[in-house]
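Enquirer: I'll drop the sequence and a predicted model, then ask my questions.
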Amino acid sequence: MLLEINSKLLATALKIASKMTMKTMGTSATKCIMLEADEKALKISATNLEVSYSNTVECSVSKPGKTLVDAAKLIS
């Protein structure tokens, strides 16, 4: 995945998404933030199985892709 994105928009979306993840027990899906880049945008998703968050931020994507990133490591 390779993209160019507004850092302030990205930071805001990641901060909100990280609040939806589980800090302790749980699966990788509930401790991580999903990042999915398509041709025009980055979709940021997170869940703790009770509440979900999803946001799409417009950006310039050179190489589409998707990954799960540990929220604690991403935000710290």
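Expert: Structure's in. What do you need? Numbers count the residues shown, from 1 in each chain.
Enquirer: tally of neighbours for I33?
Expert: Neighbourhood size, I33 [other Cβ atoms under 10 Å]: 22. From N, CA and C alone the C-beta is placed, and that goes for glycine too.
Enquirer: which other helices and strands does the helix or strand it falls within contact?
Expert: Here I33 is covered by strand 32-37, with elements defined by DSSP states H and E. Judged by 3 or more Cβ pairs under 8 Å, 6 or more residues apart in numbering; DSSP states H and E, the packing partners of strand 32-37 are helix 7-19, strand 41-47, strand 65-70, helix 71-75.
Enquirer: mind checking the pLDDT average for that strand?
Expert: Taken as a whole, strand 32-37 carries a mean pLDDT of 96.
Enquirer: could you give the angle of that strand to strand 65-70?
Expert: 160 degrees (axes from the mean of the first three to the mean of the last three Cα atoms, to 10 degrees).
Enquirer: so in that sheet, which strands flank strand 32-37, and in what orientation?
Expert: Strand 32-37 pairs in its sheet with strand 41-47 (antiparallel), strand 65-70 (antiparallel), by DSSP bridges.
Enquirer: so who does the closest residue to T67 other than its chain neighbours touch?
Expert: Take T67 and drop its neighbours on the chain: the residue closest to it by Cβ to Cβ, 6 or more residues apart in numbering is L35, 5.5 Å away. By Cβ atoms under 8 Å, 6 or more residues apart in numbering, L35 lies in contact with 1, 42-44, 66-69.
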